[in-house]
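Chemist: What follows is a protein structure lacking sequence information:
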Ligand SMILES: Cc1cc2nc3c(=O)[nH]c(=O)nc-3n(C[C@H](O)[C@H](O)[C@H](O)COP(=O)(O)OP(=O)(O)OC[C@H]3O[C@@H](n4cnc5c(N)ncnc54)[C@H](O)[C@@H]3O)c2cc1C
């Protein structure tokens, strides 16, 4: 395939599909290339939260604009993405957490957010099956929202197609062509796509596409895990709760439970190359970060991740031990359930 576009978008996650949609809607000739399938990687796997709560002040104006977009997204795209504005809650268990919650209140007031601090009784009112025994209150922002990650990016991709974009799945971008220091095309598995601009939205792979251009984009992979229970006979009001683990009830009654505090960094070649840059961040989060030396280490040493066609969809192994711990913590907060089983899990 040899074709000319105004913009080639590389990567079919939420960033790439939304960019393709808005560009195509604005009348640009757009190609969206995806090495696997749309929404195969991180964008279908996150918690789906759209939040202002707990943000750095410099992020909040953007998140307020973002909430406006999400409020109108189902009308805009003509399909459901399970958008709900039911709030974001972070439960407080100790003095340090209360201090952090109180420190956010002046920021919330500055930006006119709906955030407030709840008492344990308020928490039990919002979450009728919650056992507030260990709870000292909660930070709550009722106007934060969430959408279903499995639905959002595909809805944007369909919107982009309706606006005339070309979608090429199972088509990896292999390299970016420059002419006189300006972008002029993308080499893909299906041939060259000439273009005037590129939106590089390749998620975890972005740095690898930039490297041959001499652009350093330090990025290390961290593996987080989420599990989905069966339908649970409790009402969680479909909000996002950061309790002893993080959870969100879906419209069908199933609950996504995240191993909120633990992320795994599989040591790879990049860990050595970029590791020093991330030391301050790792130091701040050392309690929540686990390092592992295993198959991904070997695979990276053998160059497996240098090629965009080896992993059409990056699908890391979930942390089942962490999930069992998270289920235990969830049941501590909802003892009436007895126990919970996962129907599926991903990372
Ligand atoms: C555990 C966890 C929870 C999170 N929860 C939230 C949340 O609640 N709310 C929130 O807003 N964010 C959350 N995030 C962050 C959010 O998931 C990411 O910021 C977002 O999904 C990134 O989207 P993306 O489009 O940039 O990347 P991705 O979704 O990773 O998409 C990149 C795409 O590019 C493709 N690609 C890569 N290389 C090539 C190539 N060479 N050629 C063609 N295609 C290529 C990949 O196959 C992939 O499909 C969470 C993240 C984690 C890890």
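Modeler: All right, it came through fine. Keep in mind that this is a model prediction, so the values were computed, not measured.

Chemist: what's near enough to touch the residue nearest the centre of the chain?
Modeler: Taking C-alpha atoms, centre = their mean, the centroid of the chain lies closest to residue 46, which sits 4.0 Å from it. Residue 46 sits next to residue 149 when contact means C-beta atoms under 8 Å, 6 or more residues apart in numbering. Where C-beta positions appear, they are placed from N, C-alpha and C, glycine not excepted.

Chemist: List the beta-bridge partners for residue 145.
Modeler: Residue 145 has these beta-bridge partners by DSSP bridges: residue 50.

Chemist: and it, how many neighbours?
Modeler: By the criterion of other C-beta atoms under 10 Å, residue 145 has 24 neighbours.

Chemist: Residue 54 and residue 108: what is the separation?
Modeler: As defined by C-beta to C-beta, to the nearest Å, residue 54 lies at a distance of 10 Å from residue 108.

Chemist: The two - which one has more neighbours?
Modeler: Using other C-beta under 10 Å, the more surrounded residue of residue 54 and residue 108 is residue 108, with 21 against 18.

Chemist: Could you count how many residues lie near the residue of the stretch 1-150 of the chain found nearest the ligand?
Modeler: Nearest residue of the stretch 1-150 of the chain to the ligand: residue 13, at 2.3 Å (C-beta to the nearest ligand atom). Look at residue 13: counted by other C-beta under 10 Å, it has 25 neighbours.

Chemist: Tell me if I'm right that it and residue 43 touch.
Modeler: Yes: counting by C-beta atoms under 8 Å, residue 13 touches residue 43, with 3.7 Å between them.

Chemist: Give me the common contacts of those two.
Modeler: With C-beta under 8 Å, 6+ apart as the test, residue 13 and residue 43 both reach 153, 203.

Chemist: How many residues are close by the residue of the stretch 101-250 of the chain found nearest the ligand?
Modeler: The minimum distance from the stretch 101-250 of the chain to the ligand, using C-beta to the nearest ligand atom, falls at residue 203 (2.4 Å). Counted with other C-beta under 10 Å, residues neighbouring residue 203 total 19.

Chemist: Quick check: the gap between it and residue 230.
Modeler: 30 Å.

Chemist: about what we covered before: can you list phi and psi of the residue of the stretch 1-150 of the chain closest to the ligand for me?
Modeler: Phi and psi for residue 13, reported as degrees, to the nearest 10, are phi -90, psi -160.

Chemist: same thing with residue 76?
Modeler: phi -60, psi -50.

Chemist: Next up, the contacts around it.
Modeler: residue 159.

Chemist: What of the one 10 residues further on?
Modeler: Residue 86 makes contact with 142, 145-146, 237-239, according to C-beta under 8 Å, 6+ apart.

Chemist: Which positions in the chain make contact with the ligand?
Modeler: Proximity of the chain to the ligand, by C-beta under 6 Å from any ligand atom, involves residues 10-16, 33-36, 40-43, 46-49, 172-173, 201-205, 209, 224, 308.

Chemist: Got a quick ChimeraX command for the buried subset of the residues you listed?
Modeler: Remark: buried members of the residues of the chain next to the ligand, expressed as a ChimeraX selection using 16 or more other C-beta atoms under 10 Å:
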select :10,11,12,13,14,15,16,33,34,35,36,40,41,42,43,47,48,49,172,173,201,202,203,204,205,209,224,308
